[in-house]
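Engineer: I need the structure of the sequence given here:
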Amino acid sequence: MKCAVCGKEFEPQRVNQKYCSYTCRRYANHHGGKDHIGIECVLPAQPVIRKFHCLKCGKFVYVTDREDCRTKFCSQQCEKRYWKHSKRVRPRTVYREFRCRTCGTLVVVEKPLDRRTIFCSSACCIRWFSRNQKKSNIKLREKRKLIT
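Structural biologist: Next up is the predicted model:
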């Protein structure tokens, strides 16, 4: 496997290991994960879920992992610097894009108080949860039948 930071080949000791060493892992966490590599790390197999400009440094960030919750800052370091010196920073317009998980519509968010990150509307949110909740309830019923 290749290290996501330095590109060196290594043998992973865990299933989810991405970095060859402690130093590479710390570098990636400190500098915003895979964002220091650039857009080359975004593969066609991994669609871009969200993209936005970091409020502190202005870098364009591409989020490809569903577990990644970043919406305003590229790294923890930028977020800390922003809040530490927020009085001196003039407000910048927020610009984010993402695809709705239910209907696939491209949503552009420009207002800073708009917290949408997954669904385009509350109707899509309700529709998605009603579909997925039914599937999980059916699976639970099947498991209960097998146990009894």
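Engineer: first to last residue in stretch 106-125, what's the distance?
Structural biologist: For stretch 106-125, the first-to-last residue distance is 15 Å (C-alpha to C-alpha, to the nearest Å).
Engineer: again, but for stretch 8-15
Structural biologist: Per C-alpha to C-alpha, stretch 8-15 runs 17 Å from first to last residue.
Engineer: and that stretch, what's its mean pLDDT?
Structural biologist: On average, the pLDDT along stretch 8-15 is 87.
Engineer: now do stretch 63-73
Structural biologist: The average pLDDT for stretch 63-73 rounds to 83.
Engineer: Equivalent analysis for stretch 111-121, please.
Structural biologist: On average, stretch 111-121 scores 82.
Engineer: and if you look at stretch 127-136?
Structural biologist: Averaging pLDDT along stretch 127-136 yields 79.
Engineer: now for whichever helix in the chain runs longest, which elements pack on it?
Structural biologist: Criterion DSSP state H: the longest helix present in the chain is helix 122-147. Using 3 or more C-beta pairs under 8 Å, 6 or more residues apart in numbering; DSSP states H and E, no helix or strand is in contact with helix 122-147. Every residue, glycine included, has its C-beta placed from N, CA and C.
Engineer: Would you mind listing the buried residues in that helix?
Structural biologist: Residues 124-125, 128 are the ones in helix 122-147 that count as buried (16 or more other C-beta atoms under 10 Å).
Engineer: What of stretch 64-83?
Structural biologist: 64, 70-75, 78-79, 82.
Engineer: In strands only, show me these.
Structural biologist: Using DSSP state E, no member of the buried residues of stretch 64-83 falls within strands.
Engineer: C120: which of these is nearest?
Structural biologist: Ranked by distance to C120 (C-beta to C-beta), the buried residues of stretch 64-83 are led by T71 at 15.2 Å.
Engineer: Please name the residues that touch that closest one.
Structural biologist: Listed by C-beta atoms under 8 Å, 6 or more residues apart in numbering, the contact set of T71 reads 50, 52, 96, 117.
Engineer: Alright, calling it a day.
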